[in-house]
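In: Below are the sequence and a predicted model; questions follow.
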Amino acid sequence: MSSPGPGLNLAQLDAVNHLGGPSLVLAGAGSGKTRVITHKIGRLIQAGLAADRIAAITFTNKAAAEMRERAGHLVGRDARKVLICTFHALGVRLLREDGQVLGLKPQFSILDTDDITSLLKDCGGTTDANTARAWQWTISSWKGEGMTAADALKRAKDENERVAATIMARYEERLTAYQSVDFDDLIRLPLKLLGEHAEVREKWQKKLGHVLVDEYQDTNATQYELLKLLVGERARFTAVGDDDQSIYGWRGATLDNLKKLPIDFPQLRVIKLEQNYRSTSAILRAANNVIGPNPKLFPKTLWSDLGEGEPVRVVDADNEEHEAERAVARIQSLRANSQYKEWRDFAILYRANHMARSFEQALRRAQIPYKVSGGQSFFDKAEIRDLCAWLRLITNNNDDPAFLRSATTPKRGIGHTTLGQLGTFATQYKLSLFEALFSHSLPSAVNSRAITALHEFGRQVNDLEYRARHTIGHEAALAFLLQWLKDIGYEQHLYDSEENEKIAAARWTNVMDFIDWVAGRCGGKMEDDGAGLQVETERKSLLEVVQTIALISTLSDREQDQNVVTLSTLHASKGLEWPHVMLVGVNEGLLPFKTDDADSDLSAELLALRVQEERRLMYVGITRAQRTLAVSWLKRRKKGRESVPGTPSRFIKEMALDQATVKEDPREKLRALRAEFAQRAAAAPKPEAM
């Protein structure tokens, strides 16, 4: 194992070597937070903590995969034993192992968005998907705050919230009956599990000797409570985050979690990472100026020794089309006159998805390849949802939403009337739809012809479950899955349901990609273990793989980096970087974003908080740039069907680009830091043994 330390600056070393108690690492943009986390994993192992007693938690599967890969290069095969996963994947693990005390079977199902919408439509007695999605958003927000349906009903402010709370109660009953959970439950239920069952809590506190949390500023209230229960009184954890990059308030993330840390853990060590390894001084000065007006929990100032660099450019455009043309011209000019010749070196960032259209059109006219980040997930495609429903059903026969989709796709003579009769019967006898199939009393509710079709479907599912349990390894899984598609006639179903054969063929290609990918996860391949040795990956049964199907991230996350210009929302750009960035549509009303009707109802305090989050969003956009940054605004912009005068965003003025600034000498900064850390090291106690 490489020694954790070489190549780290003084602040990073301080963060890596603090092992004896809780720490908050304030990692500014581009300051090497992933490097700190992976080196700290190595330092903990070096200090004697078993690798399987370390957990590193982040927010996306992509970030977890990157962390796992980098840890492997640093600590070798021990990295395989470290629990590196998302909060939700950790929740799945807790519930699979110990959820029985909450009445959950280990093979519970995880509902996707479509399933939840269908379930809520049924619970609320509506056919309107938008109404169901509004309920879903409200219920998700309540669950994120740790509220039950009873809590929500007590706190309901109006009739709409009272209706949503009543529907939430019915929805929770259905989830329990179907042995299913939604994504919010993957945090809420583990919290309940650890909070109410001391023996389970003690088991996990003993099991996890140190917990590292990445992107800590993005945690919500329930995730913070879950962290506290996992670490217990020993409080061996490292929270890594940046309050200046907290941009997910709309989905429940709260800066209150940063405020609470020093209160809940008085022994907390706060370590600031302020040296930026990404951007030039000119870009960082603009970023520091923009974020300056926001109130500070832990003040910090980013600095860089990469040199002054090109000044940040502000560009005005007549309208959206002119702005897009100027962005394309800038890309072509920079490619011709700099060392950055690849299309992947360029990104166009904007506040909202609808703003991409004019840039797509301009890039196509110029024959410049591009991708729109945050497009439709591979797993959101109808054909992939169809197959996932089948796979979910064979792992959990009580998964009624999966049953309904599988039984009707492809069609097999089981109609909506039959399913309605089966559903009424199942509800009466408190059975899942699959259990009801084989009830001796079913003929009293369903005619004999329909029962024959239902029994045939049930036997097929049982056969698939048995064979999947005994199908191990990549080749066996691939053969099984291909035969399954043939047996259910799925290819023919696609061609029958599409008038355009090219569309059907494209959908079938997606199916083949999915099958290859699922089979590949069954293992049995030779891979480098991170220490130069070729080892065979763990072989899994197909059943084990499909049990986690609802948590699998999109295939696009695993695609190799394409040589294309990136178009992305500011939210989706977080964590990424490019040599050249164009931040577009920086107008009042767009950034900061303002919806006149909704904003008029907000108090002055809430409006101020919203502007602060929008300012952090601007800060995130600026700090994606490594070498050059251009910020553009519109003299006239579209608003609905009208064209209205545009005003440059207040954030452009806040960048203070025309302000004479005394440039800090990085050498002086380094000398001051060395003196500070030498003094701290002399006074610090030695870390206790793991």
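Out: Ah, there it is. Numbering: from 1, shown residues only.

In: buried set for stretch 49-60?
Out: 49, 51, 53-60 (16 or more other CB atoms under 10 Å). Using the backbone N, CA and C atoms, a C-beta is placed for each residue, glycine as well.

In: Check stretch 426-444 too.
Out: Buried residues in stretch 426-444, counted by 16+ other CB under 10 Å: 426, 431-434, 436-437, 439, 442.

In: Name the nearest of those relative to M355.
Out: L433 (44.2 Å; CB to CB).

In: got a list of what that closest one touches?
Out: 400, 403-404, 419, 422-423, 426 (CB atoms under 8 Å, 6 or more residues apart in numbering).

In: any low-confidence regions in the chain?
Out: Residues of the chain that meet the criterion pLDDT under 70 lie in 1-6, 249-253, 374-379, 523-539, 541, 545-561, 595-602, 659-690.

In: Distance of L227 relative to A221?
Out: Plainly put, L227 is 11 Å away from A221 if you go by CB to CB, to the nearest Å.

In: ok, then the element right after the biggest helix by length in the chain?
Out: Ranked by residue count, the top helix of the chain under DSSP state H comes out as helix 448-469. Downstream of helix 448-469, the next assigned helix or strand under DSSP states H and E is helix 474-488.

In: Mind checking what helix or strand follows that next one in sequence?
Out: Proceeding N to C from helix 474-488, the next assigned helix or strand is helix 490-497, under DSSP H and E.

In: how about that following helix: buried residues?
Out: 490-491, 493-494.

In: on contacts alone, who are the packing partners of the helix or strand just after it?
Out: Going down the chain from helix 490-497, the next helix or strand is helix 501-520, by DSSP H and E. Secondary-structure packing of helix 501-520 (3 or more CB pairs under 8 Å, 6 or more residues apart in numbering; DSSP states H and E): helix 382-395, helix 474-488, helix 490-497, helix 542-546.

In: Mind putting these into a markdown table with distance to T131?
Out: What follows is the helices and strands packed on helix 501-520, written out as a markdown table (distance: least, CB to CB, whole Å):
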| stretch | distance to T131 |
| --- | --- |
| helix 382-395 | 21 |
| helix 474-488 | 33 |
| helix 490-497 | 27 |
| helix 542-546 | 32 |
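
In: do you know which of those lies nearest I45?
Out: For I45, the closest of the helices and strands packed on helix 501-520 is helix 542-546, at 27.2 Å, according to CB to CB.

In: gap between the helix or strand just after that closest one and the chain center?
Out: For helix 542-546, the following helix or strand on the C-terminal side (DSSP H and E) is strand 565-569. Centroid separation for strand 565-569 versus its chain: 18 Å, with CA atoms, centre = their mean, to the nearest Å.

In: and what of stretch 17-36?
Out: Distance of stretch 17-36 from the chain centroid (CA atoms, centre = their mean) equals 21 Å.

In: List the buried residues in it.
Out: 17-36.

In: Next step: those restricted to strands.
Out: 23-27 (DSSP state E).

In: Would you mind checking which of the residues you listed is nearest to V181?
Out: Closest approach between those and V181, by CB to CB: L24, at 31.0 Å.

In: Thanks a lot, catch you later.
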